[in-house]
Structure formats: structure tokens, C-alpha cells
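J.: this one's sequence-less:
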């Protein structure tokens, strides 16, 4: 094995342990099968600095990411990273980053992906021109593994949200050094303004983001446009083979860009592919279901927390892979975002799906249709409870983030900002009514009680009343947005 390959593996190992408060060289020595002295000498000779200096810098860079991505107190970050005091952390941080932690948080310099070694990427300080042009050295085509470190974990609840695709976009945007808010991403993709109901059945796919617009894949490209970046997409068609997916993934990872895939582990929800091993036989990254007991047996966990999945192609729910690539300067305008919000909100019927304002009526009608609740079988009620919960969560999450985006836009003081503020207040009320619907059914810790409430006609009538109120608020918000656009 060449020195460069060993060094790449060592850099990847250090990066996987950069969140640790101490780098255990004795453990690393055992893992690599070399003496500590040999590891120190080889690393310093190949990388140009000692392994402990490199580790210290990586710890500081990851703490810098926390300063930008969280509201945690500086002292709390310092203690989490193993520094004994605010002063010790400030000294170490200033030496590495050239400014104090508080100054860094205020200045918000660009922190994004950089090639640490061929095939190993992580966060680093970037110049503005570097991020915009996205110039990076290509790596050798014959490498059997690539890994992009330091991409933020995606899971339900990330960024205070439960919508997987925008969560993935936000994690990728942070990794690439784009400083955009999560409400902006929710609005720019249309996710904040969607509501869909299948009139043919109680459909668990109602909340899937690809239903937002008429063209199912449109919403994915909007995620890239929100960042002003290029977008590429590969779907799993009848004649698509595993090698097609692998080539797509390898090409983009080689340039330092994470991929977003549908599936890999569990259902076809978006997840992040951050690397591959064994020449693509295994994929690494973050998935919303990697710790789910139903799927955990199919995956293992890398040292940095990434899933490692080998049967990703055998999972027929692996339906597509996409990449948000270099900056192309075609950034989306607020006008476009608001026009798409109107498109998502306006009532319309597409096949058996009622969308936008029209979805409220379909939802309410099916809640009050006794034929759907004639059977008290557990599984029948349980599936309807999941669909009901998805709809309320979609509104609570989406409309609250939509309101935040409109308030961000209104704060810029543009003409007509009063209409944006008014629309935001209506969306906030929709979110509040959705949360109230959730409370009417009770707490998930008592599933039997929730199922009994859903089966109770009187409870469903109360839910139907709130659906009407939420619909009226959405209609009022839609009217405000139309007036603003005119």
C-alpha cells in the first residue's frame, strides 16, 4: 500500500474522530497496525504538520461550524470540545482562525467543503471567490473509496422540522458554505406551502414532497436553484442499472459534492450520500431511518456516525439520486418563490389528488365519511391515524416556516411588506390550528387512546371544524400573496 493511500486513510480517521475531546493515538496505532512513532513520522512527512496539530485544527474548524449553525453559547461549545475555559478556547480558536469566536460568529465568514487529501473532504475556511467558482482538484479515477466528512446529520427534528428534502438541502448548503436560512429553503422549494390529499384512499404518500407541483421532480431542482447551484438528477427507470447510479455518485463525490438519494435505507425518502467504499459496493452518509429498528439490521455505522449500507441497490425503494453542484449564479428571486407559493396553495385536482386549498375539502370529507370508520380493526385505524398526523404535521411545520420566510422578506423593508406580514400572520394561525388538531387526538405515548379518539365521530367533527378554520386562514394568506405580487 502506498504512503499516499495510508495518509489518506489516516486523515479520514482523524476527521472521523475530530468531534472527540482527545485523539487516542494508542487506539489509532492498533487500528492501523503501526507504532505510534511511525504514525507520527509518516503523517508529518506526508501532510506537512504533526498529527496532533492537524487534529487540533480540525476540532477548531468543527467548533467554528457550531458557531455558525447553532445558537449555543461559546462557553458551552468550548466545554463540549474539551477546552477547560472560555479563555483557553478563545486563544486556541484565534490562533487557528485568525479571530476570536465571537468575532467569527458576527462576521460569518464562509465555511465549506475543502479537499483535505485526495478523496477526503471536510470543512475549512474558504474565500468568497473559491466558493463561487468551486474550483477543486480532481482525484484519481481508480480510487476505491471517497468520503466527505463533516456534513451535518439529518434526522426528523433537524432545524426544527420534519420535512426530509429541505432538511437535506440545508445540511448540504452548510457543507458547501452557503449561508441561507432553513425557512428560505422551505419556501424556495415550495415545501412550506404544500397540502395534498388523495381522494381515492387514506394515502401515506400525501405528504411526499414530489406531489407539491404538477411535475413530480420539479421540487428537487428548486432545492438547487435556492442555492444558486447546478442540478443533476438520475431516476431509476426500467433500464437503469446499478453501475449507472454508481458512476453518477462517484463522479460528483470525486468533485467534493454530496449526493441526495431517494431510498438507500428504508422507504424512498431523501437522504445524503457522503461517500462510498469497496469501489461502490457500500455507500456512506446520513439517512432518516438508519437507526430505525426495522432497518438497522441492514446497515452498520462508521466512526463518524455515517451509515454504511451494502444492499442499497437491492432496496427497490432506492428510486433516484441527485446532486447540487457548482454555483451557476442563477439564484432564485423572491418574486419567483412567492409565485410558486401561490401555485402550491391554489386549489386544483390532479388525477385523484386534491391539492392546495382544495385538499382541505377532500380531507374533511373523508374524516366525516363513516364508511371509512366502520371497521374498528387496529391496523385500519392506525393507518388513518398516520395519514391524519402527517397532514397536521405538514401544516404545522410548513406554514410556520413559510411565515418565518415572509417575515424575513418583509424585514428588508420592500414596498408592500405589510401584505407579507399579514400573510405571515395567517400562516401562523394555520400552524397553530394544525397543532391543536394534534392535541385533540392526544399523546403518542397512549396509542390506544388516540385510536379511540379518531374512531369517535364527535372528535372527528371537531377536527373537521378546525380544518375549515385552517382553510380560511390559508385562503386569506393566498389572497395577501396575490395582492403583493400584483
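T.: Alright, I've got the coordinates. Please read all numbers here as calculations on a predicted model, not as lab measurements. Residues are numbered from 1 along each chain as shown.

J.: just give the number of residues close to residue 121.
T.: Residues near residue 121, counting by other C-beta atoms under 10 Å, number 31. (Glycine included, C-beta is placed from N, CA and C.)

J.: dig out what it forms beta bridges with.
T.: Beta-bridge pairing for residue 121 (DSSP bridges): residue 115, residue 148.

J.: that one reaches residue 112, doesn't it?
T.: No: Residue 121 is beyond contact range of residue 112, at 9.8 Å (criterion: C-beta atoms under 8 Å).

J.: mind listing what's buried in stretch 378-398?
T.: If you call a residue buried by 16 or more other C-beta atoms under 10 Å, then stretch 378-398 has these buried ones: 380-381, 384-385, 387-398.

J.: surely residue 242 touches residue 313?
T.: Yes: counting by C-beta under 8 Å, residue 242 does reach residue 313; the two are 4.5 Å apart.

J.: more neighbours: which of the two?
T.: residue 313 (19 against 14).

J.: any idea whether the more buried one is helix, strand or coil?
T.: coil (DSSP: H, G, I helix; E, B strand; the rest coil).

J.: what ranges does the chain have for its strands?
T.: 111-117, 120-125, 146-148, 196-198, 229-235, 259-262, 270-277, 282-286, 299-301, 307-309, 320-327, 348-350, 353-355 (DSSP state E).

J.: where in the stretch 51-200 of the chain is pLDDT low?
T.: Where the stretch 51-200 of the chain drops to pLDDT under 70, the residues are 127-143.

J.: got it, and the stretch 251-400 of the chain?
T.: Short version for the stretch 251-400 of the chain, where the test is pLDDT under 70: none.

J.: quick one: residue 319 and residue 260, what's the gap?
T.: Distance, residue 319 to residue 260, using C-beta to C-beta, to the nearest Å: 12 Å.

J.: of the two, which one has the most company?
T.: residue 260 (25 against 17).

J.: so residue 281 sits against residue 310, correct?
T.: Yes: shown here, residue 281 and residue 310 form a contact pair, counting by C-beta under 8 Å, at 5.9 Å.

J.: what about residue 351, how many neighbours?
T.: With other C-beta under 10 Å as criterion, residue 351 counts 7.

J.: ok, it to residue 203 distance?
T.: Shown here: residue 351 relative to residue 203, a distance of 12 Å by C-beta to C-beta.

J.: just residue 359 next, same as before
T.: Distance from residue 359 to residue 203, by C-beta to C-beta: 11 Å.

J.: who touches both of those two?
T.: Common contacts of residue 359 and residue 203, defined by C-beta atoms under 8 Å, 6 or more residues apart in numbering, comprise residue 197.

J.: which of the two has more neighbours?
T.: residue 359 (28 against 18).

J.: so which bits of stretch 445-457 are buried?
T.: Quick answer for stretch 445-457 (16+ other C-beta under 10 Å): 450, 451, 453, 454, 455.

J.: from memory the fourth one sits against residue 460, does it?
T.: The one in question is residue 454. Yes: in this structure residue 454 lies within contact range of residue 460 using C-beta under 8 Å: 7.0 Å.

J.: which neighbours do those two share?
T.: In contact with both residue 454 and residue 460: residue 373, using C-beta under 8 Å, 6+ apart.

J.: what about stretch 165-184, distance to the chain center?
T.: 7 Å (C-alpha atoms, centre = their mean, to the nearest Å).

J.: tell me which residues in it are buried?
T.: Under 16+ other C-beta under 10 Å, the buried positions of stretch 165-184 are 165-178, 180, 182-184.

J.: start and end of it, how far apart?
T.: From its first residue to its last, stretch 165-184 covers 13 Å (C-alpha to C-alpha, to the nearest Å).

J.: residue contacts, residue 352?
T.: Counted by C-beta under 8 Å, 6+ apart, residue 352 has contacts 198, 199, 200.

J.: out of the residues you listed, which are buried?
T.: The buried subset of those - by 16+ other C-beta under 10 Å - is 198, 199.

J.: closest to residue 250 out of the contacts of residue 352?
T.: residue 198 (37.4 Å; C-beta to C-beta).

J.: my guess is the closest one contacts residue 204, does it?
T.: No: contact criterion C-beta under 8 Å: residue 198 and residue 204 do not qualify, at 9.4 Å.

J.: just give the number of residues close to the residue lying closest to residue 471 once chain neighbours are set aside.
T.: Distance criterion C-beta to C-beta, 6 or more residues apart in numbering; nearest residue to residue 471, sequence neighbours excluded, is residue 360 at 3.8 Å. By the measure other C-beta under 10 Å, the count of residues near residue 360 is 24.

J.: next one: stretch 356-372 to chain centre, how far?
T.: That offset, for stretch 356-372, works out to 31 Å (C-alpha atoms, centre = their mean).

J.: need the residues that contact it.
T.: Residues from elsewhere that reach stretch 356-372, judged by C-beta under 8 Å, 6+ apart: 195-199, 202, 344-349, 354, 384, 388, 391, 457, 460-461, 463-464, 467-468, 470-471, 474-475, 478.

J.: same thing with stretch 297-316?
T.: 13, 15-17, 19, 147, 149, 153, 242, 245, 263-266, 274-275, 277, 281-287, 290, 318.

J.: for that stretch, measure first residue to last.
T.: 17 Å.

J.: could you list the buried residues of that stretch?
T.: 298, 299, 302, 304, 306, 307, 308, 309, 312, 313, 315.

J.: which secondary structure elements does the lengthiest helix in the chain contact?
T.: Of all segments of type helix in the chain, defined using DSSP state H, the longest is helix 378-410. Helix 378-410 sits against helix 182-188, helix 334-345, helix 417-441, helix 447-455, helix 457-485, with contacts defined as 3 or more C-beta pairs under 8 Å, 6 or more residues apart in numbering; DSSP states H and E.

J.: starting at the chain centroid, how far to stretch 147-156?
T.: 9 Å.

J.: next, the buried residues of that stretch.
T.: Across stretch 147-156, burial judged by 16+ other C-beta under 10 Å covers 147, 148, 149, 150, 151, 152, 153, 154.

J.: reformat the residues you listed as a markdown table; add distance to residue 418.
T.: Output for those, formatted as a markdown table (distance: C-beta to C-beta, whole Å):
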| residue | distance to residue 418 |
| --- | --- |
| 147 | 49 |
| 148 | 44 |
| 149 | 46 |
| 150 | 42 |
| 151 | 40 |
| 152 | 36 |
| 153 | 39 |
| 154 | 36 |
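
J.: quick check, nearest of those residues to residue 326?
T.: residue 148 (15.2 Å).

J.: how much space between that closest one and residue 64?
T.: Counting by C-beta to C-beta, the gap from residue 148 to residue 64 is 18 Å.

J.: least reliable of the helices and strands packed on helix 378-410 by average pLDDT, please.
T.: If you rank the helices and strands packed on helix 378-410 by mean pLDDT, helix 447-455 sits at the bottom with a mean of 91.
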